[in-house]
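**Q** Take a look and give me a structure for this.
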Amino acid sequence: MPLKPLPMPDPGVPDLGSPRAFLRWLRRSQRRGQLLATAWGVLELACQAALPLALGLGIQAAVAGDTAGIWRTGALALLLAALQAFGAVQLHRQAVWNWITAASQLRQLVARQASGLGAGLSRRIATGEIVAVSSSDVERIGWYVELLARVRAAVLVWLGLGTIVLVRRPLLGLAVLLGVPVLAASVWPLLAPLERRYSTQRAFAGKATELTADTVAGLRVLRGIGGEELFLDRYRAASQQVRGAAVRTARIWSLMQAQQVLLPGLFVVATTWYGAELVIRGQIGIGELVAVYGATAFLSSPLRILGEAAHAWSVARVAAGRAVRLLALNRTADGEALTARLTRSERADLHDPLTGLTARAGRITAVVCGDPDVAGHLAGRLGGHLPLAEGEQPEPSVRLGGTPLDEVPLAEVRAAVLVQDKDPVLLSGTLAELFDVPGTGRIAPERALAAVRAGDVLDALVDGSPECQGDPMLARITEKGRSLSGGQRQRLALARSLAADPAVLVLDEPTSAVDAHTESRIATGLREVREGRTTVLFATSPLLLDRADTVLLVHQGRVAASGTHRELLHGCPEYRAIVTRDEGAASAGRRTAQDGPSASAPAEEKV
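**A** Numbering: from 1, shown residues only. The predicted structure follows:
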């Protein structure tokens, strides 16, 4: 059996019409695996059902003194046992394959949905619910999908066995054909209570998981205010709710398991008693009685599988319902209209209601933060990547031209707003491949490279790649650009962002690793290339700040001052303290703001 590579290239487009439709779609997506598992299950169960027949024939041969018949039936029993063992091994392998495939497919769908919704996901559904869907619910659904093939195999073998017995002994055949569905249906009254109790257990478990995630995210804050015991008590209470619900669910499941033992046992006793009556009357022999007993005893296997399937169906339907609710979430109910508004993003302001930051359309807006971590989080937030700080409650979405980014399809957001963090990644390949990114085509790679003053970078790449024959675009970049210095890597990444030419470009310390002379020239080139485009620049370097149209100071999570670089340098002590690294100015500026960002935090050194 060939192994399927995971993750899948494409998990597919699920049917989200209902939980049942979703489960049917999962079954259809692995037809080959289901057919193979069904075939191996039929082989195993058929051999298991036929073994009593071979044993009965052997006993009948022994009673008749037929030595050759004894050897033949012994050989037949050995062959059936070998085939049963082989079928069991292959069935187990294929069943595990089906289970893992279904679980992996669902996990990929959840991951794709989380990626597509972005930061808006936590506003639509609790974090604990997402964790529960991608863990316990995935396992329940995988179990159900895997079990379906075994159910088909059990039904096919039961029908075959019942038909054979019906031909030989009509009354016993009717008992086999009718007894199994009657016994299987006996668990139906318990399915509804089981589903209700498991749904309650699942809801409590989701809340407990959510509480755990929130506690871990805010652990530092909890320790600071001494709230560990309070949250520990809350988690203990939530855990006891889950335990109580699980116990109530287990009671129903134990009753179902008791039925699977008691009712088939009574059926075997009744059938054996009737067979013994036929032996006493001389209508059948001892060997045939043993075969009848073995065949009816075998029916406990299909009944066990059907009972397990009933349990699996109950929990899988609850899990599928929650998975469908997660996968059916959209970023917006009117995505096309909002996307159309984003196409005019070149003339739209970028506004963050949480901090009050507004980047005017077509202008370069520089943002100064005392804490580089706050700057990094805010840069990501402006691109719809993540909230401002870890552990906080869901925050209002950043808006581009009045359109919330969290409600727009993620691909459209990425096309409109490009965020380059302070540690950009360069993948291995040629320089031409590095610049093979979606863009408007307005900025050629050569112009972008010239804007960032990357002449020495191109020379270094040509010297390190003799096979490029002097063409820098054919020069190869090693993995993560390890053959280049930090400043060279930073300039290549900046040139790539400029060549993409997004409507809104967010840069986080794009020149922190270059010398002051090169930085000044890059500031000039950046302004030329981004003329008429919206640019947000997180920096503390005066060389960059002086070229910005507007400079904003973010202090204590809000925009505290705005103006040009020179205006703020002379009129805002906090700003001057951050930009000039002047501790004296920082002390003066923080006399009325004791908890402000660290003004003396050292910036990255130039190299």
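**Q** isn't residue 99 right next to residue 145, touching?
**A** Yes: counting by C-beta atoms under 8 Å, residue 99 does reach residue 145; the two are 7.0 Å apart. Quick note: C-beta positions are derived from backbone N, CA and C, even for glycine.
**Q** between the two, who's got more neighbours?
**A** Neighbour count, other C-beta atoms under 10 Å: between residue 99 and residue 145, residue 145 has more, with 26 against 20.
**Q** a helix runs through residue 548, doesn't it?
**A** No: Residue 548 sits outside any helix when classified using DSSP: H, G, I helix; E, B strand; the rest coil, being coil.
**Q** Leaving out chain neighbours, which residue sits closest to residue 175?
**A** residue 271 (6.2 Å; C-beta to C-beta, 6 or more residues apart in numbering).
**Q** and stretch 62-72, which residues are buried?
**A** residue 70 (16 or more other C-beta atoms under 10 Å).
**Q** then it to CSV, C-alphas only?
**A** C-alpha atoms of stretch 62-72 as CSV (Å, rounded to 0.1, in the frame of the first residue of the first chain):
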residue,chain,number,x,y,z
ALA,A,62,-14.4,-37.6,12.9
VAL,A,63,-17.8,-39.0,13.8
ALA,A,64,-18.0,-40.8,10.5
GLY,A,65,-14.4,-42.1,10.8
ASP,A,66,-13.3,-40.3,7.6
THR,A,67,-9.6,-39.7,8.1
ALA,A,68,-9.1,-38.0,4.7
GLY,A,69,-12.0,-35.7,5.5
ILE,A,70,-10.3,-34.8,8.8
TRP,A,71,-7.1,-33.8,7.0
ARG,A,72,-9.0,-31.8,4.4
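**Q** Mind listing residues that contact it?
**A** 57, 58, 60, 61, 285, 286, 287 (C-beta atoms under 8 Å, 6 or more residues apart in numbering).
**Q** Am I right that the last one is in contact with residue 53?
**A** No: contact criterion C-beta under 8 Å: residue 287 and residue 53 do not qualify, at 9.4 Å.
**Q** Which stretches in the chain count as strands?
**A** Remark: strands assigned in the chain by DSSP state E are 350-352, 357-359, 364-369, 399-400, 403-404, 417-420, 429-430, 476-477, 504-508, 534-538, 550-555, 558-563.
**Q** How confident was the prediction at residue 221?
**A** Note for residue 221: predicted pLDDT of 57.
**Q** Ok, the one 5 residues further on next?
**A** What the model reports as pLDDT for residue 226 is 64.
**Q** Over to the one 3 residues further on?
**A** In this model, residue 229 is scored at 75, pLDDT.
**Q** Please determine how far it is located from residue 209.
**A** 21 Å (C-beta to C-beta, to the nearest Å).
**Q** again, but for residue 305
**A** Residue 305 is 31 Å from residue 209, by C-beta to C-beta.
**Q** can you check residue 156 too?
**A** Counting by C-beta to C-beta, the gap from residue 156 to residue 209 is 40 Å.
**Q** neighbour count winner among these two?
**A** Each of residue 156 and residue 209 has its neighbours counted (other C-beta under 10 Å); residue 209 has more, 21 against 17.
**Q** Please look at that one and residue 134 and confirm they touch.
**A** No: counting by C-beta under 8 Å, residue 209 stays clear of residue 134, with 10.6 Å between them.
**Q** Find the residue ranges of the stretch 301-450 of the chain scoring beneath the pLDDT cut-off.
**A** 331-346, 385-394 (pLDDT under 70).
**Q** show me where it has helices.
**A** Assigned by DSSP state H, counting those that start in this stretch, the stretch 301-450 of the chain shows helices spanning 335-342, 372-382, 410-416, 431-434, 445-451.
**Q** Check the offset of the fourth one from the chain's centre.
**A** Relative to its parent chain, helix 431-434 has a centroid offset of 31 Å by C-alpha atoms, centre = their mean, to the nearest Å.
**Q** In that helix, which of the residues would be classed as buried?
**A** Neighbour count says helix 431-434 has 431, 434 buried, by 16+ other C-beta under 10 Å.
**Q** before we move on, the earlier item: with distance to residue 569 and mean neighbour count added, can I get the strands of the chain in a markdown table?
**A** As requested, those are exported to a markdown table (distance: least, C-beta to C-beta, whole Å; neighbours: other C-beta atoms under 10 Å):
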| stretch | distance to residue 569 | mean neighbour count |
| --- | --- | --- |
| strand 350-352 | 24 | 22 |
| strand 357-359 | 20 | 21 |
| strand 364-369 | 11 | 25 |
| strand 399-400 | 30 | 23 |
| strand 403-404 | 35 | 21 |
| strand 417-420 | 26 | 22 |
| strand 429-430 | 43 | 16 |
| strand 476-477 | 39 | 19 |
| strand 504-508 | 21 | 26 |
| strand 534-538 | 16 | 26 |
| strand 550-555 | 9 | 23 |
| strand 558-563 | 9 | 16 |
